[in-house]
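*Asks:* Fold the following for me, if possible:
(one chain, ligands or ions: 1)
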Amino acid sequence: MLDLVLHNGRVLTQAAPPLAAAVGIRNGRIEVVGRAEDVMPAAGALTRRIDLAGRTLVPGLNDAHAHIWKIGHLLTTMLDLRGVAGIEDLIARIRAFAPRLPDGAWLLGRGYNEATMIEGRPPTRLDLDRAAPDRPVVLTRTCGHIYAVNSRALAAAAIGPETPSPVGGIVERDEAGQPTGLLHETAMGLVSRVMPPPGADDYEAMIVAALRHQLSLGITSSSDCGVSPALLAVYRAVDAKGALPSRVNVMPLRRVDGVADPVPIPERFESGKLRVDTMKFLADGGLSGATAALSVNYRHADQKGVLRFDRDELLGLCRETHDAGWRIATHAIGDVAIDQMLDIYERLGPHPRGLAHRIEHFGLPDATQLARAASLRIIAAPQAIFIHSLGRNFRNYLPESFLSRTYPIRAMLDAGVRVALSSDAPVVEDDNPLTGMMAAITRRDNEGHAIAPEQAIESWEALYGYTMGGAVASGDERNRGSIEAGKWADLAVLSGDPLTVPAEALPEIAVDLTLVGGQIAFER
Ligand SMILES: [Zn+2]
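*Replies:* Sure, this is the predicted structure:
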């Protein structure tokens, strides 16, 4: 007998046939999908019934590239600076937040974006000293690739006029040679290695807060792209006590900024809720902060971004990881970083377990690189949502020839590259997959400007990218991504049909109910 039946709905199966009316669930898995007459006879007196009343049922959504613990950090103890209007607003927010912390404790914030601040510049050490002179302050730029820190934090990290920039990073200085407080890429490690790390309880609170937030958006599976050994241990412990509210693909880092030696390869692991078999690397920086490695100068500055690795070092680390049976997921946005990764993936040759490697973001590939990626079976994890939320940065910073191929998702699909859509949250504040679908379809930013509109995809392709695309990218396609008999009953009930509403109305669709393994995990 079935445990649960959802009936009288529009079931978008993401499989053949594409439309059904009812789903029957037993022991956490989908047992039957079809017309009411196919499903209802298997329901008994004790079967719970949910009348969808014409609403839409989709596979649980997947955020293929997110930073779960960082989303949770902003939901718990970190100052949220997304949407800050300017330097004075930022200072006021820090002053208001500081009294919550113990005397002298580090104040951590995240989310400023100079392109949307009145002054058009990032905060410096001097601004942050005004805001909080008596404690170290570390603000992470919205992209996660630049820190702005105050004098206390510079002193704690022993960064002075003589401190050299580390390989793959920049300690920014003023004309007098004094550090400005801005630390790019690997230079962030000079500070992060002296910051008091969160404890296991703090990490657990962050993880659970973030996953509950995602469940409210219909997201039943997600990735934490880049975790330290301490955080990985917390994930394992939370999973062991059955406390993960949804499914997570945790990607450990092999190279942690500010730590000299690579992290040893941990044990691969897979349970129902937790998967640990993908290693994360970062080949370059971010586009919105102009640290992604381009072959030409950015429009607004005499620089081309940063490659974070010496090529041979990265090849060596990837070789060990690949030979140990791991999938590799590498952040590569600029065309120079993409070339570096395509070369490395090509040299690695066939995977010992038959897995395909991933390129995260894949922001600015040209046609030749797309063809190479397809022939290497690479899976791409781009963020259409960046077009929506970071459009102004792209328009201000990218030369025209690059702007017209920014996040070219149409071209990726046409080239035969498999695509998993995602948010990279908290890099963007709005991580609703329906907003991401809208951006992939309309290619408009939040000020109404179109960015590479010929790279638009269809609504069904966008939904597929947020469901099956993500399942394929994690190697979970046998268990999730579509509504088919035998798969986990991970489902979302939507107030409207995302394949038929006008694209602009997608974010107005509400998530009424989210199920993980046939259990209600969120209810509006
Ligand atoms: Zn990321």
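
*Asks:* Nearest to the ion within the stretch 201-350 of the chain, name that residue for me.
*Replies:* Residue of the stretch 201-350 of the chain nearest the ion, by Cβ to the ion: C225 (5.0 Å). All C-beta spots, glycine's among them, are computed from the backbone N, C-alpha and C.

*Asks:* And for the chain?
*Replies:* Counting by Cβ to the ion, the chain gets nearest the ion through D424, at 4.5 Å.

*Asks:* Identify the residues contacting the nearest residue to that residue once chain neighbours are set aside.
*Replies:* Among residues not flanking D424 along the chain, Q383 sits closest, at 4.9 Å (Cβ to Cβ, 6 or more residues apart in numbering). Q383 makes contact with H65, H361, Y407, L421, S422, S423, D424, V427, V428, G436, according to Cβ atoms under 8 Å, 6 or more residues apart in numbering.

*Asks:* next one: A381
*Replies:* By Cβ under 8 Å, 6+ apart, the neighbours of A381 are 64-65, 329, 358-362, 419-422, 473.

*Asks:* circling back: buried ones among the contacts of Q383?
*Replies:* Among those, those scoring as buried are H65, H361, Y407, L421, S422, S423, D424, V427, V428, G436 (criterion: 16 or more other Cβ atoms under 10 Å).

*Asks:* Do stretch 245-262 and the ion come into contact?
*Replies:* No. Remark: stretch 245-262 sits outside contact range of the ion, by Cβ under 5 Å from the ion, the gap being at least 9.7 Å.

*Asks:* May I see the buried residues of that stretch?
*Replies:* Residues 245-258 are the ones in stretch 245-262 that count as buried (16+ other Cβ under 10 Å).

*Asks:* For that stretch, what is the distance to the chain centroid?
*Replies:* Distance of stretch 245-262 from the chain centroid (Cα atoms, centre = their mean, to the nearest Å) equals 14 Å.

*Asks:* Compute the first-to-last residue distance for that stretch.
*Replies:* Chord length of stretch 245-262, first to last residue, is 31 Å (Cα to Cα, to the nearest Å).

*Asks:* do the same with stretch 464-481
*Replies:* End to end - Cα to Cα - stretch 464-481 spans 8 Å.

*Asks:* Quick one: mean pLDDT over stretch 496-505.
*Replies:* Average pLDDT, stretch 496-505: 97.

*Asks:* element containing the closest residue to D134 other than its chain neighbours?
*Replies:* Leaving aside its chain neighbours, D134 sits nearest to G104 (7.0 Å; criterion: Cβ to Cβ, 6+ apart). When elements are defined using DSSP states H and E, G104 is found to belong to no helix and no strand.

*Asks:* G104 - how many residues pack around it?
*Replies:* Neighbourhood size, G104 [other Cβ atoms under 10 Å]: 9.

*Asks:* Show me what the lengthiest strand in the chain pairs with in its sheet, parallel or antiparallel.
*Replies:* The longest strand of the chain (DSSP state E) is strand 219-227. Paired neighbours of strand 219-227 in the sheet (DSSP bridges): strand 61-66 (parallel), strand 247-252 (parallel).

*Asks:* Out of the contacts of Q383, the closest to P18 would be?
*Replies:* L421 (18.7 Å; Cβ to Cβ).

*Asks:* which residues sit in contact with the closest residue to that closest one other than its chain neighbours?
*Replies:* The shortest distance from L421 to any non-neighbouring residue, by Cβ to Cβ, 6+ apart, is to G465 (3.6 Å). Residues near G465 by Cβ under 8 Å, 6+ apart: I409, V419, A420, L421, A440, I457.

*Asks:* Max pairwise distance over those: which two?
*Replies:* Pairwise distances across the contacts of G465 (Cβ to Cβ) peak at 13.1 Å, for the pair A420 and I457.

*Asks:* Can you give the contact residues for stretch 286-301?
*Replies:* Against stretch 286-301 from outside (Cβ under 8 Å, 6+ apart): 113, 115, 141-146, 184-185, 283-285, 303-307, 333-337, 340, 361, 363-364, 386, 390, 393-394, 396-399, 401-402, 406, 427.

*Asks:* Surely E175 is within a strand?
*Replies:* No. Counting by DSSP: H, G, I helix; E, B strand; the rest coil, E175 is not part of a strand but coil.

*Asks:* Can you tell me which residues in this structure are near the ion?
*Replies:* Contact residues (Cβ under 5 Å from the ion) of the chain with the ion: C225, D424.

*Asks:* ok, now with 8 Å
*Replies:* Contact residues (Cβ under 8 Å from the ion) of the chain with the ion: H65, A66, H67, G144, C225, G226, H331, E360, H361, D424, V427.

*Asks:* sec struct for the residue nearest to D424, please.
*Replies:* coil.

*Asks:* now it: how far from L421?
*Replies:* Distance of Q383 to L421, computed by Cβ to Cβ, to the nearest Å: 7 Å.

*Asks:* hey, what's in contact with both of those two?
*Replies:* With Cβ under 8 Å, 6+ apart as the test, Q383 and L421 both reach G436.

*Asks:* before we move on, the earlier item: could you list which of the contacts of A381 belong to helices?
*Replies:* Among those, the ones falling in helices (DSSP state H) are A473.

*Asks:* farthest-separated two in the contacts of A381?
*Replies:* A329 and L421 (14.8 Å).

*Asks:* Columns distance to D127 on top of the strands paired with strand 219-227, output as a markdown table?
*Replies:* A markdown table is the format used below for the strands paired with strand 219-227 (distance: least, Cβ to Cβ, whole Å):
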| stretch | distance to D127 |
| --- | --- |
| strand 61-66 | 30 |
| strand 247-252 | 34 |
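
*Asks:* how about the strands of the stretch 251-400 of the chain, start to end?
*Replies:* Remark: strands assigned in the stretch 251-400 of the chain by DSSP state E, counting those that start in this stretch are 269-270, 274-276, 278-282, 327-332, 358-361, 379-381.

*Asks:* and those as CSV, adding mean pLDDT?
*Replies:* Below are the strands of the stretch 251-400 of the chain laid out as CSV (pLDDT from 0 to 100):
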stretch, mean pLDDT
strand 269-270, 98
strand 274-276, 98
strand 278-282, 97
strand 327-332, 98
strand 358-361, 98
strand 379-381, 98
